[in-house]
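Got a predicted model here, sequence first, then my questions.
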Amino acid sequence: AQSVTQLDSHVSVSEGTPVLLRCNYSSSYSPSLFWYVQHPNKGLQLLLKYTSAATLVKGINGFEAEFKKSETSFHLTKPSAHMSDAAEYFCVVSPLSGGYNKLIFGAGTRLAVHP
Amino acid sequence: EPEVTQTPSHQVTQMGQEVILRCVPISNHLYFYWYRQILGQKVEFLVSFYNNEISEKSEIFDDQFSVERPDGSNFTLKIRSTKLEDSAMYFCASGTGFDSPLHFGNGTRLTVT
């Protein structure tokens, strides 16, 4: 069965410093992996997706994630945090390669960005 | 940019009452979904809907739940007799195809008292 574990429930960074949000996955075969972001009172927005193409995936707003099969990780990074990045971030796996049906969400990481 | 819209944003209902959560997916989308997030817990898949029928549902989606696309624009989730444990944020999502990104609405917070 597929699952994702987000290793930090809260991350706090200063504006202009790097962001690292950690995610490990468990899958019996090559998964599709995603990062979604949820700003307060907003819906879930797709940041980026991995579907067995390039292992380094670039997303919106300067975020990127690297798929590491040997470590079963899909960590989300950004070189320089902005105040507007403060939100909740979800690492997500799909049971079906390339498909979006029946997404399995991690518990979420709340990112705080301080001036 | 087109959005998935959900109404109401917050609904309070008494235990045992029926509730209908409404969603307007993006107009050219063909796949529709409901997810929910109980406070403090993970976002969970409830059901997917395609071609006017349920394509997949989770264990949560029991006989108390039903979905409908009554016309060309709305997609609804009905809970027949609400329980306290149905209190959650319910998200509607839609997509153009099986492998297309899901667009989520802002959610409806359901509170059952």
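Perfect, thanks for sending it. Residues are numbered from 1 along each chain as shown, chains lettered A, B, ... in the order given.

so what's residue 86 closest to, chain neighbours aside?
In the absence of a named chain, chain A is used. A:Val113 (4.7 Å; CB to CB, 6 or more residues apart in numbering or on different chains). Using the backbone N, CA and C atoms, a C-beta is placed for each residue, glycine as well.

my bad, the chain I had in mind was chain B
Closest to B:Asp86 by CB to CB, 6+ apart is B:Val112, at 5.3 Å.

Look up which helix or strand the spatially most central residue of chain B falls in, please.
Geometric centre of chain B, nearest residue: B:Trp34, 3.4 Å, by CA atoms, centre = their mean. Assigned by DSSP states H and E, B:Trp34 belongs to strand B:31-37.

average model confidence for that strand?
Averaging pLDDT along strand B:31-37 gives 95.

Name the residues of it that are buried.
Neighbour-count burial for strand B:31-37 flags B:31-37 (criterion: 16 or more other CB atoms under 10 Å in any protein chain shown).

Report the contact partners of residue 28.
Went with chain A since none was named. By CB atoms under 8 Å, 6 or more residues apart in numbering or on different chains, the contact list for A:Ser28 reads A:1-2.

oops, chain B please
B:Thr96.

Help me confirm that it is found in a strand?
No: under DSSP: H, G, I helix; E, B strand; the rest coil, B:Asn28 falls outside any strand and is assigned coil.

about what we covered before: what separates the residue nearest to A:Ala86 from B:Lys78, distance-wise?
Going from A:Val113 to B:Lys78 by CB to CB, to the nearest Å gives 40 Å.

neighbour-wise, which of the two wins?
A:Val113 (19 against 13; other CB atoms under 10 Å in any protein chain shown).

partner strands of the helix or strand hosting that one, parallel or antiparallel?
Here A:Val113 is covered by strand A:109-114, with elements defined by DSSP H and E. Strand A:109-114 has the following strand partners under DSSP bridges: strand A:10-14 (parallel), strand A:87-94 (antiparallel).

What are the buried residues along the last one?
Neighbour counts using 16+ other CB under 10 Å place A:87-94 of strand A:87-94 among the buried residues.

now stretch B:11-25
Going by neighbour count (16+ other CB under 10 Å), the buried part of stretch B:11-25 is B:11, B:13, B:19, B:21-25.

Compile those into JSON lines and extend it with columns for pLDDT.
Formatted as JSON lines, those follow (pLDDT from 0 to 100):
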{"residue": "B:Gln11", "pLDDT": "97"}
{"residue": "B:Thr13", "pLDDT": "97"}
{"residue": "B:Val19", "pLDDT": "97"}
{"residue": "B:Leu21", "pLDDT": "97"}
{"residue": "B:Arg22", "pLDDT": "97"}
{"residue": "B:Cys23", "pLDDT": "97"}
{"residue": "B:Val24", "pLDDT": "97"}
{"residue": "B:Pro25", "pLDDT": "96"}
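
Sounds good, over and out.
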